[in-house]
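A.B. asks: only geometry, no sequence info:
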């Protein structure tokens, strides 16, 4: 594992290019910085400055090499690289509240955008007018959409929102794609069809992730729980409370294993083997051994008095010194992830190895 610090500003989101030589991060403001790996250092090569509000989502399409960004200024832009410069194209998302998250579909012919306007914009490119259009999924969403993930079939879309619901919708757009075949979630898939609606998530649903096959859906919510809905077992939901601070991001790393991280500043591994069999495996951050220096008796008692501990350090014994905001796959497919990355409120990005 390796740690890189991009300064003191919190990193709200990040995305990698196809060969993982470049990373796009947003330091909690209205600019996206693109860094390139040169030797052991990350060198800033581009700034994407078009948004006027804080950037809330970045996604980089590997094959078409397009970046989509969204922000609290209610806009989304698709960026394309022309002659060494990233050029933005405005997307007609038609929302009246901040955008919160954005995700390219697996085939990169559309993307989904969640917002505080209680709807999801599914955006696609219309060749006749040469612009990005959007269709809205509004049905049953009662609060801000906080997280999105695409099913491998490019049609189904999982969402988690602040109304404590986790849902799966159909995002089938008949203008640009063929009719989808049946899946374990359902066979009727007109645009906006609700295929799963789980209401007792117990808190804001911060992150959702489909398994590599797309038959399971994992999510983490703010009541410190992790859950999996299994479409292969009649959409049965297994929810497990955890004795830690809430998790903010979850990622499938193999057909049965997932990694989740959040306010506890380190990633945890969970395994799901079937309904009722969702278990915590281990903590994936090996704590640093702190060297104990000599301390005067006065300092010793002062620490006991001020901090209720004998240690004279403000550092956490985890790599990240603040909450982890997002996890991303770095190498390997979703069915066997070898490396994944995390960014946090401490301005650091860590690349972790996952041993299967």
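C.D. replies: Right, received. Where do you want to start? What you see is a predicted model; the values in this text were computed from it and never measured. Numbers count the residues shown, from 1 in each chain.

A.B. asks: how many neighbours does the residue nearest to residue 157 when sequence neighbours are not counted have?
C.D. replies: In space, and not counting its chain neighbours, residue 157 is closest to residue 171: 4.4 Å by C-beta to C-beta, 6 or more residues apart in numbering. Where C-beta positions appear, they are placed from N, C-alpha and C, glycine not excepted. Close neighbours of residue 171, defined as other C-beta atoms under 10 Å, add up to 26.

A.B. asks: same check, this time on residue 145
C.D. replies: 27.

A.B. asks: list the contacts of it.
C.D. replies: Residue 145 sits next to 100, 101, 114, 115, 116, 118, 119, 120, 159, 160, 161, 162 when contact means C-beta atoms under 8 Å, 6 or more residues apart in numbering.

A.B. asks: does the residue nearest to residue 157 touch residue 194 like I think?
C.D. replies: No: Residue 171 is beyond contact range of residue 194, at 11.7 Å (criterion: C-beta atoms under 8 Å).

A.B. asks: list the contacts for the residue nearest to residue 157?
C.D. replies: Residue 171 touches 105, 110, 112, 120, 122, 137, 155, 156, 157, 191, counting by C-beta under 8 Å, 6+ apart.

A.B. asks: distance of the fourth one relative to residue 166?
C.D. replies: Taken as C-beta to C-beta, to the nearest Å, the spacing of residue 120 relative to residue 166 amounts to 13 Å.

A.B. asks: give me the low-pLDDT residue ranges for this structure?
C.D. replies: Along the chain, the model assigns pLDDT under 70 to residues 288-294, 307-313.

A.B. asks: so which residue is smack in the middle of it?
C.D. replies: residue 326 (4.9 Å; C-alpha atoms, centre = their mean).

A.B. asks: list the strands paired with the host helix or strand of that one, with their directions.
C.D. replies: For residue 326, the element it lies in under DSSP states H and E is strand 324-331. If you go by DSSP bridges, strand 324-331 pairs up with strand 339-344 (antiparallel).

A.B. asks: and stretch 219-236, which residues are buried?
C.D. replies: The neighbour-count check on stretch 219-236 (16 or more other C-beta atoms under 10 Å) flags 219-222, 224-231, 235 as buried.

A.B. asks: in a markdown table: these, plus distance to residue 301.
C.D. replies: Output for the buried residues of stretch 219-236, formatted as a markdown table (distance: C-beta to C-beta, whole Å):
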| residue | distance to residue 301 |
| --- | --- |
| 219 | 47 |
| 220 | 41 |
| 221 | 42 |
| 222 | 39 |
| 224 | 35 |
| 225 | 41 |
| 226 | 42 |
| 227 | 46 |
| 228 | 49 |
| 229 | 53 |
| 230 | 55 |
| 231 | 59 |
| 235 | 58 |
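
A.B. asks: looking at those residues, which are in helices?
C.D. replies: Residues of those located in helices (DSSP state H): none.

A.B. asks: between these, which is nearest residue 298?
C.D. replies: Residue 298 has its nearest neighbour among the buried residues of stretch 219-236 in residue 224, at 39.5 Å by C-beta to C-beta.

A.B. asks: picking that back up, so which bits of the strand holding residue 326 are buried?
C.D. replies: Per 16+ other C-beta under 10 Å, strand 324-331 contains these buried residues: 324, 325, 326, 327, 328, 329, 330.

A.B. asks: of the residues you listed, which is the nearest to residue 11?
C.D. replies: residue 325 (6.6 Å).

A.B. asks: strands along the stretch 251-356 of the chain, start to end?
C.D. replies: 257-262, 268-272, 278-283, 324-331, 339-344, 348-353 (DSSP state E, counting those that start in this stretch).

A.B. asks: any chance of TSV for the ones you listed, columns distance to residue 207?
C.D. replies: Shown next, in TSV, are the strands of the stretch 251-356 of the chain (distance: least, C-beta to C-beta, whole Å):
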stretch	distance to residue 207
strand 257-262	8
strand 268-272	13
strand 278-283	16
strand 324-331	8
strand 339-344	12
strand 348-353	17
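
A.B. asks: wait, which of the ones you listed is closest to residue 93?
C.D. replies: Between the strands of the stretch 251-356 of the chain, strand 324-331 lies closest to residue 93; by C-beta to C-beta that is 21.3 Å.

A.B. asks: residues contacting the closest one, please?
C.D. replies: Contacts of strand 324-331 (C-beta under 8 Å, 6+ apart): 10-16, 20, 248-251, 253, 259-262, 265-267, 337-345, 351.

A.B. asks: likewise for stretch 116-133?
C.D. replies: Contacts for stretch 116-133 (C-beta under 8 Å, 6+ apart): 76, 78, 89-100, 109-115, 134-138, 141-145, 148, 157, 159, 169, 171, 173, 175-176, 191.

A.B. asks: just the buried residues of these.
C.D. replies: Burial by neighbour count, 16+ other C-beta under 10 Å: within the contacts of stretch 116-133 this picks out 76, 78, 89, 91, 93, 95, 98-100, 110-115, 134-137, 141, 144-145, 148, 157, 159, 169, 171, 173.

A.B. asks: restricted to strands, list these.
C.D. replies: 76, 78, 89, 99-100, 110-115, 134-137, 145, 148, 157, 159, 169 (DSSP state E).

A.B. asks: test my guess that residue 140 contacts residue 166.
C.D. replies: No: using C-beta under 8 Å, residue 140 is not in contact with residue 166; the gap is 11.9 Å.

A.B. asks: and the helices in this structure, which stretches?
C.D. replies: When assigned using DSSP H, the helices of the chain occupy the ranges 297-307.

A.B. asks: returning to that earlier point: could you tell me which of the buried residues of stretch 219-236 belong to strands?
C.D. replies: Here DSSP E is the test, and these give 219, 220, 221, 225, 226, 227, 228, 229, 230 as lying in strands.
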